[in-house]
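> Only the shape, not the letters, is given here:
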């Protein structure tokens, strides 16, 4: 059963070495992520699953110890998803899970075994919910670290340029995640999310499936759109 969850954005710019001179602009987001991860640790889970958007071939499960790096962003920085194991990973973490691994290393996570799951953007809401249910059944006490961004269309300088639908979409996502409103998270429009380049839609809906019957409450810890991209941090417990 799901006992806690943290929702965090996944831009590589969260990593100060990647952001370089712009690093202070996301200090508040980093602090909120640390607070959300603290909620996960306090729940004392038997298993932590990190869920985030991924492109092929990085979709699907990633074992504990899977490596990731930020070399694709011009930074010689390596990360690992939890402690190394005897399992030899077949592939690197997608960027979203590499950011998660960095967050976990930064907070010194060592509380439970860790696994990763890369989710494809096209995954239909009902399949996301089914995947979440399966994750929640993996152990008696499961926690999720859910990575994903809101729309990328909040300003004319945003990656997706300005779309007037972006702010209302992000506002509803923030409300739903902050209230742990499972029905509202499941109801987020997959086609609109795709058009707004909102990478968090599918991972958030995996969370909604995992949280069914768990009776968790939510708290919104951060809601802003630096660089024209919606970044949300929430905790469920």
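Good, I have the coordinates. Quantities reported herein were computed from a predicted structural model and do not represent experimental measurements.
> The closest residue to residue 147 other than its chain neighbours: which element?
Nearest non-adjacent residue to residue 147, counting by CB to CB, 6 or more residues apart in numbering: residue 52, 3.5 Å away. Every residue, glycine included, has its C-beta placed from N, CA and C. Using DSSP states H and E, residue 52 sits within strand 47-53.
> list the buried ones in whichever helix or strand comes after that strand?
Once the chain leaves strand 47-53, the next helix or strand it forms, by DSSP H and E, is strand 60-62. Residues residue 62 are the ones in strand 60-62 that count as buried (16 or more other CB atoms under 10 Å).
> Which residue ranges of this protein form helices?
Remark: helices assigned in the chain by DSSP state H are 16-19, 27-42, 95-106, 125-136, 166-178, 182-186, 190-195, 201-210.
> what's in contact with the last one?
Residues outside helix 201-210 that contact it (CB atoms under 8 Å, 6 or more residues apart in numbering) are 2, 5, 7, 51-53, 96, 117, 119-121, 123, 125, 128-133, 135-136, 142, 144, 146-148, 173, 177, 182, 185-186, 188, 190, 193-194, 236.
> ChimeraX command for the buried members of those residues?
Of the contacts of helix 201-210, the buried ones can be selected in ChimeraX as follows, counting by 16+ other CB under 10 Å:
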select :2,5,7,51,52,53,96,117,119,121,123,125,128,129,131,132,133,135,136,142,144,146,147,148,173,177,182,185,186,188,190,193,236
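> pLDDT-wise, which helix or strand of the protein ranks last?
helix 16-19 (a mean of 92; mean pLDDT, DSSP states H and E).
> who touches that one?
Defining contact as CB under 8 Å, 6+ apart, one finds that helix 16-19 is touched by 12-13, 23, 25-26, 70, 73-75, 77.
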